[in-house]
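Novice: Provided below are the primary sequence and the corresponding predicted coordinates.
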Amino acid sequence: MNYLFLIILKLIDRYFVRMFCRLFGFFKKEKKQFDLKQILFQKHQNILFIKLFGMGNNVLLLPLIIKVKEALPNATFYFLTLDQNKGVFKNCSFIEHVYGIKAENLLELPFSIIACLSELRKKEFDLIFDFEQFVKISTLVIQLLKTKATVGFDTPNQHRGKFYDIAVPYRSDCHILENFAQIIKSVGINIEKLKLMPIPISEHDKLEVSGFLSKHGQTHKDIFIGVHIGSGINFRGRRWPVENFVKLTDKLSTNCSIRIILTGNKEETLLVRRIIASVGDKTKIIDTSGKFDVAQLAFLISICELFISNDTAPVHIATAMDVPVVAFYGPNTPDIYGPYTDNKLVFYKRLSCSPCLTNLNAKTSFCLSPKCMRAIEVEEVYNEINRRYLDKFQ
């Protein structure tokens with residue numbers, strides 16, 4: 001999926017699907033009656049979780065799914081997401097099946113949605129949890145499935161709430177994980193403490209990563225710092241300038257034991273190579289872009305002493321793997337999408353124009369000059385990293 005296609009999808013969802021939602025809502029009868037206690041206390045439940053967009057969001061959902069499993073140990077879980085996010089759940093034995101919608105182009109998308117719907121309609125669900133904040137296609141998908149009860153967000157101006165049996169008000173004053181937790185709490189499942197869950201990793205995943213690092217000269221003295229310079233396809237204005245990453249990498253590399261692991265997906269390989277071409281000591285750099293799937297990336301991050309990243313999914317993967325995180329924010333606010341941990345160092349200037357990406361505007365910005373990211377200076381970042389973390393590496 002590229003950025004232009006993502007914009008087209010947002011436009012379709014905003015105008016066509018929203019119009020359909022309004023028409024559907026106009027003819028929709030009163031919400032059906034259901035007995036929530038009966039659903040929760042029956043011997044077995046089929047439960048579907050939906051979160052299409054945002055790999056990082058799917059990482060955040062893992063501990064909540066576990067909470068539901070603890071409350072309903074005999075339930076069978078299913079998950080619907082985009083095909084590119086399925087890797088988050090690769091080793092999750094507590095999920096029976098993950099359905100992935102392929103969304104690489106407009107020709108593939110409708111056929112993939114129909115195929116997933118065809119499979120999902122073979123089942124009868126007791127509960128469907130929809131965690132989409134503004135995308136309305138998931139709302140329509142739910143209307144075509146057999147289910148006793150549905151739960152989802154009632155986000156302002158998105159015309160979604162009336163389609164759910166339990167509509168949970170979306171809040172802009174708390175972290176997105178806490179918003180997601182409200183979805184689960186709305187059915188009476190208690191959640192006392194929120195903490196991210198490590199992404200399950202297989203022995204095969206560990207061997208793949210360990211073998212790769214051995215080929216690149218890993219020694220027992222190496223101190224790994226992970227650096228992620230991409231930001232996915234949704235608005236590249238979230239990226240800290242490449243030249244700043246180069247300068248920071250050079251400063252960090254002066255420590256004789258530190259090696260920099262550059263991460264990124266296949267589409268970000270050229271961006272990573274730009275960094276490598278510009279850094280001073282290339283022997284300190286290991287390029288892993290496009291080499292690993294999500295679980296393998298999680299293991300790779302877990303062996304880092306520190307992970308530095310733009311506002312994107314690896315921030316949450318690092319948090320889940322209990323690795324200290326340094327993260328850069330500007331168009332998006334860390335108050336809602338920051339690393340959910342105390343072991344973090346977040347840079348966010350809180351300019352008057354920030355945030356320009358929110359769930360109320362479908363995370364869409366056309367800013368051509370993100371001064372919020374340029375305002376974060378290399379010296380302040382390095383000095384804070386040095387003060388908080390580097391002394392511990394000596």
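Specialist: Nice, I can see it.
Novice: quick one: contacts for the residue nearest to the spatial centre of the chain?
Specialist: Nearest to the geometric centre of the chain sits Gly56, at 1.1 Å (C-alpha atoms, centre = their mean). When contacts are counted by C-beta atoms under 8 Å, 6 or more residues apart in numbering, Gly56 touches 312-317, 337. For glycine as for every other residue, the C-beta is placed from the backbone atoms N, C-alpha and C.
Novice: Would you mind naming the residues that bridge with the nearest residue to Lys344 once chain neighbours are set aside?
Specialist: Nearest residue to Lys344 in three dimensions, chain neighbours excluded: Val325, at 4.7 Å (C-beta to C-beta, 6 or more residues apart in numbering). Assessed by DSSP bridges, Val325 has beta-bridge partners Phe307, Lys344.
Novice: Report the separation between Val325 and Thr341.
Specialist: Using C-beta to C-beta, to the nearest Å, we find Val325 at a distance of 7 Å from Thr341.
Novice: ok, the two, which is more surrounded?
Specialist: Neighbours of Val325 and Thr341, each counted by other C-beta atoms under 10 Å, are more numerous for Val325; the result is 26 against 17.
Novice: wait, doesn't the more buried one sit right on Phe347?
Specialist: No: counting by C-beta atoms under 8 Å, Val325 sits too far from Phe347 to count as a contact (11.3 Å).
Novice: Am I right that the residue nearest to the centre of the chain sits in a helix?
Specialist: Yes: secondary structure of Gly56 (DSSP: H, G, I helix; E, B strand; the rest coil): part of a helix.
Novice: Break down the stretch 101-250 of the chain into its strands, ranges please.
Specialist: Secondary structure of the stretch 101-250 of the chain (DSSP state E, counting those that start in this stretch): strands at 124-130, 146-154, 166-169, 223-228.
Novice: could you dump the first one to PDB, C-alpha only?
Specialist: Meaning strand 124-130. Output of strand 124-130 as PDB, limited to C-alpha atoms (Å, rounded to 0.1, in the frame of the first residue of the first chain):
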ATOM      1  CA  GLU A 124     -21.900 -17.000  14.600                       C
ATOM      2  CA  PHE A 125     -20.300 -14.600  16.900                       C
ATOM      3  CA  ASP A 126     -21.400 -13.800  20.500                       C
ATOM      4  CA  LEU A 127     -19.400 -10.600  20.700                       C
ATOM      5  CA  ILE A 128     -17.700  -8.400  18.200                       C
ATOM      6  CA  PHE A 129     -15.200  -5.700  19.400                       C
ATOM      7  CA  ASP A 130     -14.500  -3.000  16.800                       C
END
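Novice: For the residue lying closest to Cys353 once chain neighbours are set aside, the count of nearby residues, please.
Specialist: Leaving aside its sequence neighbours, Cys353 sits nearest to Cys372 (C-beta to C-beta, 6+ apart; 6.9 Å). Residues near Cys372, counting by other C-beta under 10 Å, number 24.
Novice: tell me the SS of Cys372?
Specialist: Three states are possible here, and by three-state DSSP the one that applies to Cys372 is helix.
Novice: Verify the contact between it and Pro331 for me.
Specialist: Yes: here Cys372 lies in contact with Pro331, judged by C-beta under 8 Å, at a distance of 6.5 Å.
Novice: Which neighbours do those two have in common?
Specialist: Common contacts of Cys372 and Pro331 (C-beta under 8 Å, 6+ apart): Ser354.
Novice: Could you dump the contacts of Gly56 into CSV with distance to Pro200 and secondary structure added?
Specialist: Written out in CSV, the entries for these read as follows (distance: C-beta to C-beta, whole Å; DSSP: H, G, I helix; E, B strand; the rest coil):
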residue, distance to Pro200, secondary structure
Thr312, 21, coil
Ala313, 16, helix
Pro314, 17, helix
Val315, 19, helix
His316, 15, helix
Ile317, 12, helix
Tyr337, 23, helix
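Novice: possible to save these as CSV with pLDDT, neighbour count and distance to Ile65?
Specialist: Written out in CSV, the entries for the contacts of Gly56 read as follows (pLDDT from 0 to 100; neighbours: other C-beta atoms under 10 Å; distance: C-beta to C-beta, whole Å):
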residue, pLDDT, neighbour count, distance to Ile65
Thr312, 96, 26, 22
Ala313, 96, 24, 17
Pro314, 97, 32, 20
Val315, 98, 29, 20
His316, 98, 30, 15
Ile317, 98, 30, 16
Tyr337, 96, 26, 20
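Novice: which of these lies closest to Ser202?
Specialist: Ile317 (15.9 Å; C-beta to C-beta).
Novice: Skip the chain neighbours and tell me the closest residue to that closest one.
Specialist: The spatially closest residue to Ile317, leaving aside those adjacent along the chain, is Ala298, at 5.3 Å (C-beta to C-beta, 6+ apart).
Novice: Packing partners of the host helix or strand of the one you found?
Specialist: Using DSSP states H and E, the element containing Ala298 is helix 294-302. Applying 3 or more C-beta pairs under 8 Å, 6 or more residues apart in numbering; DSSP states H and E, one finds that helix 294-302 makes contact with helix 203-215, strand 258-263, helix 313-320.
Novice: same for the second one, what does it pack against?
Specialist: If contacts are counted by 3+ C-beta pairs under 8 Å, 6+ apart, strand 258-263 sits against strand 223-228, helix 242-252, helix 269-278, strand 285-287, helix 294-302.
Novice: please redo it, this time with the cut-off set to 6 Å
Specialist: strand 223-228, strand 285-287 (3 or more C-beta pairs under 6 Å, 6 or more residues apart in numbering; DSSP states H and E).
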